[in-house]
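Colleague: show me the folded form of this:
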Amino acid sequence: MRSISKLACSLMLGVAGVAMTSAPAMAAKKEKAPEAPKLEMSKGFIEAAQAVQKANTAKDFAAMSAALPAADAAATTPGDKYTAGNFRLAAGLGLNDQAMQRQGLKQMLASGVTPAADVPKFNFFAGQLAFNQKDYDDAITYLQKAAEANYDGSNSNLLLAEANFQKAIALSGNTGQLSAAAKPVALQGLTPLKKAIELEKAAGRPVPAAWLSRGFSMAYTAGAPDAPQWAMLQVETNPTGENWRQLLRTFQDRNRSLTAGENLDVMRLMYQTGALQSEYDYAEYADTASKLALFGEVKSVIDQGRSNGKLPAGKLNDFYTQATGKMTSDKASLTSAAADASKAANGRTAAFTAGAYQGYGEYAKAAELYKVALQKGSVDAGEVNTRLGITLAMSGDTAGAKAAFEQVNTGARKEIAQFWLLWLSKKAAA
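Modeller: Model prediction:
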């Protein structure tokens, strides 16, 4: 009952509407227009700029704006052009005109005589203003320079990342999905986002959950190879049910050939972490457990879904009725099955019977039989150790569970065991 990509569907719907914010927020900051350094200016420019200066002194920013074209036309030297840009920035600030502010900053930067100390700052604000005006190409050009100069901590990298993401979204027509042409652009945004996260950590500040969520969403929808690492970061930082769901669904999507048994142990972790979020999730778990004759587990998972409101009344009734109808006779057979397991030449009966006990929540008996199965052999040691770890964890033996999970060293089960170990560490830290 695996979905083609239930996780992809949920993420794609949110790509266009979720943007990161930094602290301080990424709204355009108003700063006083910088005082121009002493520069060589031409006589013609000085004469043309008199009207601009007079309006500036009077704070008549409309008149200042009207006089600027004449000053621009007379500007010939780098000093002229820097000063004209400085006037334009001042007028833009006075009129609260971001387009004018941006143009002024660009003029000053293009003059070639901007003081070195101001260049990173001017690049940042020019990029920020371009971002606000949805000119993402221009935003990326200037923000890249600000980020390379490490301006304003993580903020320049964060805004550079979002400029790439928003460009990718715009290239996709704001559909909530990413087109083939947009995916490489989105991938380019992940590098500065990682840098922003590194800078926050280095400064001893907690990384906002929204940054990690944005990184995972863009990485996943862009098909980035490191999408699983973004999902893991989310869980390590903020182990919510939704973040666990994204991590485990990403794992399933990367491993389409999981056996029913492997998928069952993933679903068991989803159950424990609150990652079962929809009717589909519960149906997948119930279907998998039913096919493996784990009737107690079918009942338990459906009961959970009904109690937390994720399963509407009457849903999965066929699974529930079948499971509850077989539980009495199934449970009655376990005592003799356990006795047979102790006499068997191999551990297969012990492992199967342990699974049934596990499904009924009888973890001590299940753990005992899993140990018998490992001792007798002829079983999948990775599967049995995974399940021994789960039963020990459920019974409160954290050290024993950790030891069992650490015995799982190959294939998809190695990663499944690592997920369970992560859950144990988060549970211990809670």
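Colleague: so residue 223 is in which element?
Modeller: Using DSSP states H and E, residue 223 sits in no helix or strand.
Colleague: what about it, how many neighbours?
Modeller: 14 (other C-beta atoms under 10 Å). Using the backbone N, CA and C atoms, a C-beta is placed for each residue, glycine as well.
Colleague: what do you get for residue 149?
Modeller: Counted by other C-beta under 10 Å, the residues lying close to residue 149 total 15.
Colleague: next: residue 209.
Modeller: Using other C-beta under 10 Å: residue 209 sits among 13 other residues.
Colleague: any idea how far residue 190 is from it?
Modeller: Computed as C-beta to C-beta, to the nearest Å, the residue 209 to residue 190 distance reads 17 Å.
Colleague: swap in residue 233?
Modeller: With C-beta to C-beta as the criterion, residue 233 and residue 190 are 12 Å apart.
Colleague: try residue 363
Modeller: Going from residue 363 to residue 190 by C-beta to C-beta gives 42 Å.
Colleague: show me which of the two is the more surrounded one.
Modeller: Using other C-beta under 10 Å, the more surrounded residue of residue 363 and residue 190 is residue 190, with 22 against 19.
Colleague: burial count for residue 307?
Modeller: 9.
Colleague: mind checking pLDDT for it?
Modeller: Per-residue pLDDT puts residue 307 at 95.
Colleague: and if you look at residue 14?
Modeller: On pLDDT, residue 14 comes in at 40.
Colleague: I'd like the average pLDDT over stretch 287-294.
Modeller: 96.
Colleague: got a list of contacts for it?
Modeller: Contacts to stretch 287-294, defined as C-beta atoms under 8 Å, 6 or more residues apart in numbering, come from residues 1, 260-261, 263-264, 267, 295, 297-298, 301, 319, 322-323, 330, 355-356, 358-359.
Colleague: report the buried residues of it.
Modeller: Neighbour-count burial for stretch 287-294 flags 287, 288, 289, 290, 292, 294 (criterion: 16 or more other C-beta atoms under 10 Å).
Colleague: how much space between the fifth one and residue 286?
Modeller: Noted for residue 292: a distance of 11 Å to residue 286, by C-beta to C-beta.
Colleague: name the residues contacting each of the two.
Modeller: What both residue 292 and residue 286 touch, as defined by C-beta under 8 Å, 6+ apart, is an empty set.
Colleague: can you find the helix or strand in this structure with the smallest mean pLDDT?
Modeller: When each helix and strand of the chain is scored by mean pLDDT, DSSP states H and E, helix 6-12 comes last, with a mean of 50.
Colleague: immediately after it, which helix or strand?
Modeller: helix 43-48.
Colleague: next, the buried residues of that following helix.
Modeller: For helix 43-48, the neighbour count (16+ other C-beta under 10 Å) marks 45, 48 as buried.
Colleague: going forward, count from 597.
Modeller: Done: numbering now begins at 597, and the last item shifts to helix 639-644.
Colleague: now for that helix, which elements pack on it?
Modeller: With contacts taken as 3 or more C-beta pairs under 8 Å, 6 or more residues apart in numbering; DSSP states H and E, helix 639-644 sits against helix 657-670, helix 674-691.
Colleague: just how off-centre is whichever helix or strand comes after that helix within its chain?
Modeller: As assigned by DSSP H and E, the chain's next helix or strand after helix 639-644 is helix 646-653. Centroid separation for helix 646-653 versus its chain: 51 Å, with C-alpha atoms, centre = their mean, to the nearest Å.
Colleague: repeat for stretch 1017-1026
Modeller: Distance, centroid of stretch 1017-1026 to centroid of chain: 20 Å (C-alpha atoms, centre = their mean).
Colleague: before we move on, what about stretch 863-871?
Modeller: That offset, for stretch 863-871, works out to 19 Å (C-alpha atoms, centre = their mean).
Colleague: now that stretch: average pLDDT?
Modeller: 97.
Colleague: and stretch 914-931, by the same measure?
Modeller: If you average the pLDDT values across stretch 914-931, you get 96.
Colleague: quick one on the thing from earlier: any common contacting residues for residue 829 and residue 786?
Modeller: Residues touching both residue 829 and residue 786 (C-beta under 8 Å, 6+ apart): residue 811.
Colleague: output the helix or strand hosting residue 738 as CSV, nothing but the C-alphas.
Modeller: Using DSSP H and E, residue 738 sits in helix 732-744. C-alpha atoms of helix 732-744 as CSV (Å, rounded to 0.1, in the frame of the first residue of the first chain):
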residue,chain,number,x,y,z
TYR,A,732,15.5,37.8,-7.8
ASP,A,733,18.4,37.8,-10.3
ASP,A,734,19.5,41.2,-9.2
ALA,A,735,19.0,40.2,-5.5
ILE,A,736,21.2,37.1,-6.0
THR,A,737,24.0,39.2,-7.6
TYR,A,738,24.3,41.7,-4.8
LEU,A,739,23.5,39.3,-1.9
GLN,A,740,26.2,36.9,-3.1
LYS,A,741,28.7,39.6,-2.7
ALA,A,742,27.4,40.5,0.8
ALA,A,743,27.5,36.9,1.8
GLU,A,744,31.0,36.5,0.6
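Colleague: ok, residues contacting it?
Modeller: 705, 715-717, 719-720, 722-724, 726-727, 748, 752-753, 755-756, 759-760, 762-763, 766, 788, 791.
Colleague: quick one, which of these are buried?
Modeller: Among the contacts of helix 732-744, those classed as buried by 16+ other C-beta under 10 Å are 705, 715-717, 719-720, 722-724, 726-727, 748, 752-753, 755-756, 759-760, 762-763, 788, 791.
Colleague: rewinding a little: pick the one among the buried residues of stretch 883-890 closest to residue 1014.
Modeller: Distance to residue 1014 across those (C-beta to C-beta) is lowest for residue 884, with 20.8 Å.
Colleague: OK, contacts around the closest residue to the closest one other than its chain neighbours?
Modeller: Among residues not flanking residue 884 along the chain, residue 860 sits closest, at 5.1 Å (C-beta to C-beta, 6 or more residues apart in numbering). With contact taken as C-beta under 8 Å, 6+ apart, residue 860 is in contact with 881, 884, 885, 888, 890.
Colleague: chain center to the one helix or strand residue 860 maps to, what's the gap?
Modeller: Assigned by DSSP H and E, residue 860 belongs to helix 856-869. Distance, stretch centre to chain centre, for helix 856-869: 22 Å (C-alpha atoms, centre = their mean).
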